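Undergrad: structure of the sequence below:
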Amino acid sequence: MRLQITKMIFLTIAVMLFSCVDNSLSEDIESDNKRDNNSNLSNKLLTDETIEHIKTLLENSFLTWWLAIHVGGASFIPQVMADAATSSWGNYGMRHLSSEPRAEFDNTQDYQYQDGFADVMWNLYSCISAMTDIRRSLILDGIKLETDSVTTRAKAYSNFLLGISYGSLATIYDKAIFFDETTDFSNPLSMKDYTELNDLAIGYLKKSIAISDTSDYDIPKEWMKVENYTNDSLKALSHSFIARYTSAIARTQAERNALDWTEVKSNAEKGITFAPVGDGDYWWSRTQYYAGNSASWGRADYKMLGPADKSTGYANWLGDGSDATIAG
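TA: As a prediction, this is how the structure comes out:
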């Protein structure tokens, strides 16, 4: 009798222990499942948030580039430095930078008009940073957008914007910092000179063309404020920018003579045949509006018009020894 009771007690304890272990395992499994579900939900929310971030950057970044080139100082400064136009106004340092004989450029933060150069740089790097974020998500993190076509379009467009941003830096500055989606920012960033930077820019544009050659997609109107823009349209625009940067990068007569003008012509012929007008609000050209329509802001420089003079007037003016003609 005592043996039976002992057996019953043992079995009862065993069942209780097994039940506790079973319940504990069930709770652990349930907890793991909840943790996995929460992790999956968290990852999904993170991915959805990243995708929305990518969409926002794609929609706004071309405007950032546009404002840098067509509305800020970069749209005025080069024309007076090159004697294509002249202006007596101080805005963006135009009077200082167009004066003859040429004064040495004050490349310091104390320069009164340094914003004309700095704002351009910050806008261009804002565009570059945005496209780098996109490419890090799409290429390194493997994030997919709604469809393969939409993902491909984002890759083509990011290459295009990196191309025109680095190309603009190369044609404006002597050297600039380069980074992409693979850059380790824990290490110091190095500067690249304008020719190397321009080669990288053209490389991006060629990558965009290669993607567009094998893909079909439409560019949303909100991105560039142009209707019915397709992969073929972006490809043509990329060819135009290659022609522009290939020719504009030359800064001396020797560099111009060394250019492959056949390549420039080939890309120009494959390029666009018109440019968007703009909306007059954000999409506009300050240069055309003020220097083109307003006679008080800027006028064509004598040295731009003079070579077409068939009389001896321009030649005589160049030889009169005045400050305006010293640089010839």
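
Undergrad: what number of residues lie near residue 121?
TA: Neighbour count of residue 121, defined by other C-beta atoms under 10 Å: 18. To be clear about C-beta, it is placed using only N, CA and C from the backbone, and glycine gets the same treatment.

Undergrad: check which helix or strand covers it.
TA: Assigned by DSSP states H and E, residue 121 belongs to helix 115-135.

Undergrad: contacting residues around that helix?
TA: 53-54, 57-58, 60-62, 64-65, 67-69, 72-74, 76-77, 91-93, 154-155, 158, 161-162, 165-166, 168-169, 172-173, 176-177, 179-181, 183 (C-beta atoms under 8 Å, 6 or more residues apart in numbering).

Undergrad: swap in 6 Å and give it another go.
TA: 54, 57, 61, 64-65, 67-68, 72-74, 77, 92-93, 158, 161-162, 165, 168-169, 180-181 (C-beta atoms under 6 Å, 6 or more residues apart in numbering).

Undergrad: same question for stretch 203-211.
TA: The contact list for stretch 203-211 (C-beta under 6 Å, 6+ apart) reads 155-156, 159-160, 162-163, 235, 238, 241-242.

Undergrad: one more: stretch 246-262?
TA: Stretch 246-262 is contacted by residues 171, 198, 264 when judged by C-beta under 6 Å, 6+ apart.

Undergrad: what's the lowest-pLDDT member of those residues?
TA: Of all those, residue 171 has the smallest pLDDT value, namely 94.

Undergrad: count the residues that sit near the closest residue in space to it that isn't next to it in sequence.
TA: Distances taken as C-beta to C-beta, 6 or more residues apart in numbering put residue 248 closest to residue 171, at 4.8 Å, once the chain neighbours are dropped. As a burial measure, residue 248 scores 17 neighbours (other C-beta under 10 Å).

Undergrad: report pLDDT for residue 248.
TA: Per-residue pLDDT puts residue 248 at 95.

Undergrad: just the one 5 residues further on next, same as before
TA: Looking at residue 253, its pLDDT stands at 92.

Undergrad: ok, it to residue 259 distance?
TA: Using C-beta to C-beta, to the nearest Å, one gets 11 Å for the distance from residue 253 to residue 259.

Undergrad: now render the contacts of stretch 203-211 as JSON lines, adding pLDDT and distance to residue 148.
TA: Converted to JSON lines, those look like this (pLDDT from 0 to 100; distance: C-beta to C-beta, whole Å):
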{"residue": "155", "pLDDT": "98", "distance to residue 148": "11"}
{"residue": "156", "pLDDT": "98", "distance to residue 148": "13"}
{"residue": "159", "pLDDT": "98", "distance to residue 148": "17"}
{"residue": "160", "pLDDT": "99", "distance to residue 148": "19"}
{"residue": "162", "pLDDT": "99", "distance to residue 148": "21"}
{"residue": "163", "pLDDT": "99", "distance to residue 148": "23"}
{"residue": "235", "pLDDT": "98", "distance to residue 148": "19"}
{"residue": "238", "pLDDT": "99", "distance to residue 148": "21"}
{"residue": "241", "pLDDT": "98", "distance to residue 148": "26"}
{"residue": "242", "pLDDT": "99", "distance to residue 148": "27"}
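
Undergrad: wait, which of those is closest to residue 100?
TA: Using C-beta to C-beta, residue 241 comes nearest to residue 100 of those, at 32.5 Å.

Undergrad: shouldn't the closest one be in contact with residue 165?
TA: No: applying C-beta atoms under 6 Å, one finds residue 241 not in contact with residue 165, separated by 10.6 Å.

Undergrad: what is the neighbour count of the residue nearest to residue 70 when sequence neighbours are not counted?
TA: With C-beta to C-beta, 6+ apart as the criterion, residue 70 has its nearest non-adjacent residue at 4.5 Å, and that residue is residue 285. Residue 285: 17 surrounding residues under other C-beta under 10 Å.

Undergrad: then residue 182?
TA: Neighbour tally, residue 182, other C-beta under 10 Å: 10.
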